[in-house]
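# dropping a prediction and its sequence here:
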Amino acid sequence: MKQTSLVIMAAGIGSRFGGGIKQLEPVGPSGEIIMDYSIYDALNAGFNKIVFIIRKDLELDFKEIIGNRIEKIAPVEYAFQELDDLPEGFHKPEGRTKPWGTGQAILCAKDVIREPFAVINADDYYGKEGFVKIHDYLVNQMDTDANPFDLCMSGFILGNTLSENGGVTRGVCQVGTDGVLQKVTETYELVMENGEACGKDEAGNPVKVPLEQNVSMNMWGLSPAFLAELERGFPAFLENLKEGDIKSEYLLPKIIDRLISQDKARVHVLETRDKWFGVTYKEDKPAVSAAIRELVSKGIYPDRLFKR
């Protein structure tokens, strides 16, 4: 079987979650966290290895809560995302506390990723379909040596990804009739209003997005060669930061959108109808726990995912 990794971005502290480590909040009937369900689904889909991207100061707690358990059932490797992990000649701006984004997160794992891999957020529940489709693509369709890059993503339906407790950011996707991604646009503060999704574009202008629109939930299928592109692009991102900008991030959707516009990447959108849910806000946790209980009651998951 072709080797594939699941890469989980878990370095962030959820500022909107009241200062807690939202990725480590239990939501399952036996104390499972959202990552447990992603890992369970990924291993069942055929992924062979788990890569956790965390902060070094979270390492002990992280391993105690989840890492040590997962090491008993699958190969595990760690990468560490830090604010001062920058290319030679660059330094962390004074006052910068925000991580450098998902592009830097994956770049931090370049030494432990040697095979086609899927990328997900730690605090999102994706459902089973996306893992199956991406794994199938990585194993049976991806040309890891292709130029332009041969990539894929799980395309969620926007209406299945909104939070009842506040606005969310989504990568809104334009998809061709051939199922290939044409453009992805970061759209902010999306909320449901009168049966429509309303939000703001990057300039703060109001926008409306159809509920059936495909969106990116940072569930990508990438090739090892893509890591070299991340490494090439990061210095250019840093050089273009404006004086005093301490918040801009090196984001996967923007990176991939740029590559598409330059004919350097071809991204196949694998649509999933599964309902996303996640702990973006503290108020989301009861709803997430209830949704997990319902999935367990339907037999989709066992009461206890893994032995402890």
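Sure thing, it's come through.
# wait, doesn't Leu138 sit right on Phe131?
No. Counting by C-beta atoms under 8 Å, Phe131 is not a contact partner of Leu138; they are 10.5 Å apart. C-beta here means a position set from N, CA and C on the backbone, and glycine is covered the same way.
# more neighbours: which of the two?
Set Leu138 next to Phe131 and count neighbours by other C-beta atoms under 10 Å: Phe131 wins out with 27 against 24.
# roughly how far does the residue nearest to the more buried one when sequence neighbours are not counted sit from Ala122?
In space, and not counting its chain neighbours, Phe131 is closest to Ala45: 4.0 Å by C-beta to C-beta, 6 or more residues apart in numbering. According to C-beta to C-beta, to the nearest Å, Ala45 stands 18 Å off from Ala122.
# look at these two and report which has more neighbours.
A side-by-side neighbour count of Ala45 and Ala122, using other C-beta under 10 Å, places Ala122 first with 25 against 20.
# re the thing from before, so what's the residue nearest to Phe131 up against?
Residues counted as contacts of Ala45 (C-beta atoms under 8 Å, 6 or more residues apart in numbering) are 128, 131-132, 134-135.
# that one and Tyr137, how far apart?
11 Å.
# verify the stated contact: Asn218 with Asn121.
Yes. Counting by C-beta under 8 Å, Asn121 is a contact partner of Asn218 at 5.1 Å.
# need the residues touching each of these two.
Common neighbours of Asn218 and Asn121 (C-beta under 8 Å, 6+ apart) are Met9.
# contact partners for Leu43?
Counting by C-beta under 8 Å, 6+ apart, Leu43 has contacts 73-74.
# are we agreed that it is in a helix?
Yes. Counting by DSSP: H, G, I helix; E, B strand; the rest coil, Leu43 falls inside a helix.
# pull the number of nearby residues for Asn48.
16.
# how about the nearest residue to it, chain neighbours excluded?
Going by C-beta to C-beta, 6+ apart, Asn48 has Gln3 as its nearest residue, at 5.2 Å.
# surely that neighbour is within a strand?
No. Read with three-state DSSP, Gln3 is coil and lies in no strand.
# contacting residues for it?
48-49, 114-116.
# what of Thr185?
171-172, 174, 201, 257.
# before we move on, back to that, what sits in contact with each of Leu138 and Phe131?
Common neighbours of Leu138 and Phe131 (C-beta under 8 Å, 6+ apart) are Ala118.
# can you list the contacts of Ala45 in TSV and add pLDDT, secondary structure and distance to Val207?
Formatted as TSV, these follow (pLDDT from 0 to 100; DSSP: H, G, I helix; E, B strand; the rest coil; distance: C-beta to C-beta, whole Å):
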residue	pLDDT	secondary structure	distance to Val207
Lys128	96	helix	31
Phe131	98	helix	30
Val132	98	helix	32
Ile134	98	helix	28
His135	98	helix	33
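# out of those residues, which one sits closest to Gln262?
Ile134 (23.8 Å; C-beta to C-beta).
# hang on, the earlier thing: quick one: which of the contacts of Gln3 is the most crowded by neighbours?
Pro116 (26 neighbours).
# now do the helices in the chain.
Taking DSSP state H as the criterion, the chain carries its helices at 34-45, 59-62, 68-70, 102-108, 128-140, 226-239, 252-261, 284-297.
# buried stuff in the first one?
Pointing back at helix 34-45 there. Buried positions in helix 34-45, judged by neighbour count with 16 or more other C-beta atoms under 10 Å: 34-43, 45.
# nearest to Pro93, of those?
Distances from Pro93 to these, taken by C-beta to C-beta, are shortest for Met35, at 30.9 Å.
# so who does the closest residue to the closest one other than its chain neighbours touch?
Spatially, and ignoring its direct neighbours in sequence, Met35 is nearest to Ala122 (5.4 Å; C-beta to C-beta, 6+ apart). Ala122 makes contacts with 8-10, 12, 23, 34-35, as judged by C-beta under 8 Å, 6+ apart.
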